[in-house]
Structure formats: C-alpha cells, structure tokens
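[1] sequence? don't have it. structure:
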C-alpha cells in the first residue's frame, strides 16, 4: 500500500472518529436511558437490600507481668514474637467463636415483616419459649405465631413443601420433627399480633459472626481494630463484645496451662505423701505407748536431726528423679509431644527450665497457627524443625540431670548408712525411736516442701493474665454502613453514563455492519454516488411504494433526486443509458431503489423502463402492484413476443418488464443473444433502462448484465450490509475490468444517534 493511500485511510479514520464523537454527543437519549435504568436498578437494590450496621472495638496487646508475678519473680511463660499476626488468627478461630455463641445464648430469633423483608427483633423477646429438645432437622424453618385468644394460639410452618396451620394451647408441649418446646405466653404480644420466629443453630451463628467480622492491625503499636457488620446493630454490638471477652478468657486459660499441669503433678505426689505422714505419726505415738517412752537423749537427738536432714535431701532427689523420668518418658514415648508444661522451681537445672519454656512457647505457637496454615507450609515446617532441635537438646539435658541426680543420691545414701551404723552405741529403744522419728520428720518436710511448691504454682496460675486488654468496647451504632443511598446513586449515575458511552464505542467497533458513509469510505476506494435516506412509511400501499413521487418534500425524495443528479453526469455521452442495480444479499433495497429512481427520472420527462432480471425470486412486481405470470424469462425462452411483456404503469413515462415464470436455467437464459437483442430494442424506445438484478453475492446471474451496462450501482444498506460485502464490487472491478461500478448507501439516517442505529426498525424495500 502506498504512503498516499495510507495517509488517506488514516485521514478517513480520524474523520470517522470525529463523526463518532459528534454522533455520541447527539446520542443523549441512549445515554439518558442507560442512566435511568442504572438508577432504577440502584433503587431496587436499595429497596430490597437490608441495611447493614457495624460495631467497632479496639484491643491492645502487651507482654506485661502481673503485680503478683513481679513480687514472686514468676516468669511469664507465653511471651511470643510476632504476636499480633498469631492473635488475629486466634480471635477468628472456631474455638473462640463457639464459646462466643454459647455465651450469647441466642437460641431463638424473632422477626417483623415489612413489605417482603424480615427484620430481626433482637434483643426483643416478644414470646417466652422454653426449648425442651432441639436438633438441626427443623432449624431452617421459620414459624409464624398468631394469637387466637387468651388461651390458644396458631402456628404456621412449612415442612417438606407442605404448609401446616395448627392451634395449640399455651404451656402445652409442642412436638415438631426434631423440636420440642413450650410457649408460655406471659410475655406474648397483644391480641392477634403476628410474630415470626426461628430456632437458631450454633453453626449458623458461628458462620454469621465469621462472615461479618473484620480484624485490622494498626501497625507498630500493638493495637487491633475489630469490626463486626450485621443487619441488626444490637446483635453486632453484643456479639463483638462477647467475642472479645471469650478471647481474653481463652488467652488466660492458655497462659495458666503450665501451672494447672504442675498442680496436678504435685497433687499426685502429695496424696501419697500425706497418707505416709499420717501413718508414720500414728506409728510413733503407738511406739511411745507400747514402750513407755518419753524422750531421747541429747546425743540421740543430734543424730536424729542429722538423719532427718539426709533423708529429706534424699527424698528431694527422689522427687527430681521422678520429674526427670516423667519428662524423659514422655519425650521418648511420643515423638510429637503435646506439651511439657512442668515447672517446679528449684528442683531441676535452670537451663532445663528455660529449654522447657522455649519448647512450650514454640508448641503453643504451632497449635495456634495450625488452624490457618497447612502442615506443608514453610512456617509450620520451620517450627517443626525448631521443636525437633529443642526436643533433642532437652533429652541430652535430662540425661545429664538424671546421671547427676543418681550420683547425688548414691552419695546421700552412703552418708545415711554411715550415720545409721553409729546408732549401735545407743540403747535399742532409742535406736528404734530415732528411726521412726527421722522417717516422720523426713516425710513431713517433703510434704511441706511439695505443699509450698503447689502454693507457688497456684499463685502462678492466679498471676496468669491475658496478654491483651480492651481499649474500646463496642457501642451501639445506628449508622448504616451498607448500602449507602448517596454512594449507591452516585455510582449508578456514573455507571449509567459510562455504560452508555462505552456501549456506543464498543457496538460501533465490534458490530460487523456498515452504518456510516465514513465506514464505507474507509473500507473501499470505489466512488460513492449517493446516500439514500431511510424511509419508514412502508405500509404496502401503492402510494407508499413511491415516496419519491408522493412525498416530494421528504428527506428520502431529496436523496433520490440527489442520486438522479449524480447519474446524469455519468455516461453522459450515451443517448440511452443502461443502469444495472445489484447488491450483496436480498433485503438491501435494490428493487425499491430501482422503481423510485425510475419514477424520479420519469418526472424529468424521460422514458424509463425497469427490467426485473432476478429470475429466481423477484419482488419488483409487488412494488408496482402487478403480476409476474408473463415476463422476461418467457421472452428469453422464445415463448412470447417483446410487446406482450412490457407493462405500462399508471405512472407517467414508467414501464416495467416482470421476471416472468421461474425457469430451471436462469443464468443460461440471461447469456442468450435474445437478452442482447432486448437491450438494443429497448434503447431505441427508452431514454433510461434500469435493470434490477439478483443479489450478486448469492448467484452469478447478474455478471453478463454488468458487462452490458453503462452504469453499475452496488447498493449497500446501512445496518444490514456487512463490512465484507464491499469486497464484491472490488472483485468485480478487478476481475472484469468494470470501471463503471459505483456504490450507493441505502437506509442512511442523517444525523442519527446510536440509539436509532441499534434499536430502529428496518423494512424490506
């Protein structure tokens, strides 16, 4: 393609865009309609959508110790890094939401009906209903209550697509599938009042809270902003506050787990030790009675105290041995230990205490985030590796502690044996009494020691406080957060205008039909001799078949006369012109154009004849209100003379040759010499011969007629002809060297908007 042609095409395209902008500005009805539709949809949305309210609260996280723990130097065992992210998951966890639903105790929802929407009455309770039994079988059904009189009421409900209405007496047991309940009626509404209620399931309320909950972090200050949206503002406020309280309880419970398990461990030892102390004390009393024994000597007293100290130390070593053995047994027995929450201060190495603390912290962190992350996620795998490393380190430390404990135990046992040997110099009674008393003193001291550790663990449990506190509780808010009418209408207005404009551009460029002269000029360089305006008044009457004659001031008549003027300048050297009119497909208006052009030329006192050469499916005779029983096909077949097929119409200077009987070989008939003789004969009598051919895009019958014509008009109809249809005249010009082929657009709408383009009616002409 040459540079000049490219510039021409680009220039045509730029001009087309300017025309498109002009049409868009003139297409305000389409834009207005799309905007009105968008506003109407917005109104329907606002009318049908329930109002949504939002309750907000704030939570502050700190890792401070309680005052009691500061006094007793009890370390906080649940210090976590990156705490905010972990706690966000815990707040939304199912366990916290389940406890929230239980605390809400919202078993029954009551509703009022406004128009076709149900509005929840919460926290109002218009009926006192006692639930005897409830399961998930009937929970999705709503029940309508209507009071009949002071003693009876009516319930309406649907079950298995069947509607039920039953009358009941107050305070009687009502049994429905999966439900048993009583309506007491002491708080019932006024007579004949209508109440709708539904039994809630825990799963439904859990999902309701989860759906409306939003948790957002305020960066760098440890504050979480919580928002709960719901159609009932009272429920949103109450549910959010309850959720926060249950989270704090959960956090406090997790922090006291170590102390609880430590208390359980010590209680097991104390129960056995208490029985032993009581039994030993009774044995000493019985020994004194039986032996009439009052007291021992000072030397024996000294040996007794030494033995008691050694025995006490030996029992402490035994306690440590039990503790270390329990840890080692749990680790070796279970590769994935759930917890190692033991902490008897002072009974084991401080390093082991720190290792156990770190192990529990990591394990707690893993348990909290396991509900959110997959087991194969990078975070879980990293925590598992850290737990494995700590587990191995703890096993090594426990082994060292057990070995050290065994050495200390052996040494103390040896000292006890040496001391007991020195008892031989003492009287037999004193020696026996010392043995009993030392055993009693040892068990008493160990019992006191364990009691002291239990008290420390209880204090540690009491000192465990939540790591967060509520900064702002949720308060009742009656401001609607969704949908907001102003915002909705502005969005609808903007969307309507945008949709209208975008629809114009999209339909313009994606629609495969030719609609404007500029599009036609862009697609081909074949000359366009005229634009015939759209004619809508086609009612089938003779008058309306010739609007160029009977509506001389119409836009259509003006466009036909303009085409007539252009044709006068073409083939001006011919005394009698042969004009062939064709198109791509049927329905593009070539027959209608033919008869109206003939009428326009007739008004110039020119003798005009129209020949219907579509021997397959001609409609020209219908426009002229004649029959097609005899015509061109009969003449070409040699069965009738020329004079008998020429029909002189009532219109001045206009004659017509119908297509005639439909032949089996129309293409061959048009190629005979009789067709050439026909044209030569008609040229002697008529000034203008208009040939209405078959659609050349469907059949090739018109090709010999195109060669024999002085002017060839290819009709393109706006909104009907496709872009590819202009390839036909180009191919005809190149293949048959037809330099006399021209384009004419039919059905053109002057200054038409896109609304008319795409919704206007088109008629076959």
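    Everything's here; your move. For clarity, every value in this text was computed on a predicted model and none was experimentally measured.
[2] now the strands for the stretch 601-750 of the chain?
    Per DSSP state E, counting those that start in this stretch, the stretch 601-750 of the chain carries strands over the ranges 608-612, 646-648, 654-657, 688-692, 711-717, 741-748.
[3] touching the first one from outside, list them.
    By CB atoms under 8 Å, 6 or more residues apart in numbering, the surrounding residues in contact with strand 608-612 are 591, 594-595, 598, 601-602, 618, 620-621, 624, 628, 631-632, 646, 653-659, 682, 685-692. Any C-beta I mention is one placed from the backbone N, CA and C, and that applies to glycine too.
[4] of these, just the buried ones, ChimeraX syntax please.
    In ChimeraX syntax, the buried subset of the contacts of strand 608-612 is picked out as below (16 or more other CB atoms under 10 Å):
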select :591,594,595,598,601,602,618,620,621,624,628,631,632,646,653,654,655,656,657,658,659,682,686,687,688,689,690,691,692
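[5] sorry, back to before: need the strands of the stretch 601-750 of the chain in TSV with mean pLDDT and distance to residue 35, can you?
    As requested, the strands of the stretch 601-750 of the chain are exported to TSV (pLDDT from 0 to 100; distance: least, CB to CB, whole Å):
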stretch	mean pLDDT	distance to residue 35
strand 608-612	93	49
strand 646-648	90	55
strand 654-657	92	50
strand 688-692	93	46
strand 711-717	93	31
strand 741-748	90	28
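[6] among those strands, which is nearest residue 34?
    Across the strands of the stretch 601-750 of the chain, residue 34 has its closest neighbour in strand 741-748 (24.8 Å, CB to CB).
[7] what's that closest one in contact with?
    Defining contact as CB under 8 Å, 6+ apart, one finds that strand 741-748 is touched by 514, 517, 520, 524, 526-534, 559, 563, 570, 588-590, 592-593, 706, 711-720, 726, 729, 732-733, 762, 765.
[8] in the sheet, which strands lie alongside that strand, parallel or antiparallel?
    Strand 741-748 has the following strand partners under DSSP bridges: strand 528-533 (parallel), strand 711-717 (parallel).
[9] would you mark the buried spots in it?
    Going by 16+ other CB under 10 Å, strand 741-748 has these buried residues: 741-748.
[10] now residue 41: how far from residue 117?
    Per CB to CB, to the nearest Å, residue 41 is found 18 Å from residue 117.
[11] next one: residue 600
    66 Å.
[12] between the two, which one's more packed in?
    Neighbour totals were compared for residue 600 and residue 117, and residue 600 leads with 23 against 14 (other CB atoms under 10 Å).
[13] I'd say that one and residue 564 touch.
    Yes: with contact defined as CB atoms under 8 Å, residue 600 counts as touching residue 564 (4.6 Å).
[14] tell me the mean pLDDT for the longest strand seen in the chain?
    Ranked by number of residues, the top strand in the chain under DSSP state E is strand 52-61. Averaging pLDDT along strand 52-61 gives 87.
[15] partner strands of that strand and their direction?
    Next to strand 52-61 in the sheet, as set by DSSP bridges, lie strand 223-230 (antiparallel), strand 468-472 (antiparallel), strand 480-482 (antiparallel).
[16] which parts of that strand are buried?
    52-59, 61.
[17] between those residues, which is nearest residue 552?
    The nearest one, if we look at these relative to residue 552 and count by CB to CB, is residue 52, at 65.7 Å.
[18] wait, that closest one touches residue 227, no?
    No: at 11.3 Å, residue 52 does not count as touching residue 227 under the criterion of CB under 8 Å.
[19] where is the longest helix in this protein?
    Ranked by residue count and defined by DSSP state H, the top helix of the chain is helix 378-421.
[20] pull the distance from that one to the chain's centre.
    Its chain's C-alpha centre and that of helix 378-421 lie 56 Å apart, by CA atoms, centre = their mean, to the nearest Å.
[21] show me what that helix is packed against.
    helix 298-333, helix 350-369 (3 or more CB pairs under 8 Å, 6 or more residues apart in numbering; DSSP states H and E).
[22] so which of the ones you listed is nearest residue 37?
    Nearest to residue 37, of these and by CB to CB, is helix 350-369 at 49.0 Å.
[23] tilt between the closest one and helix 378-421?
    Between the axes of helix 350-369 and helix 378-421, defined by axes from the mean of the first three to the mean of the last three CA atoms, to 10 degrees, the angle is 150 degrees.
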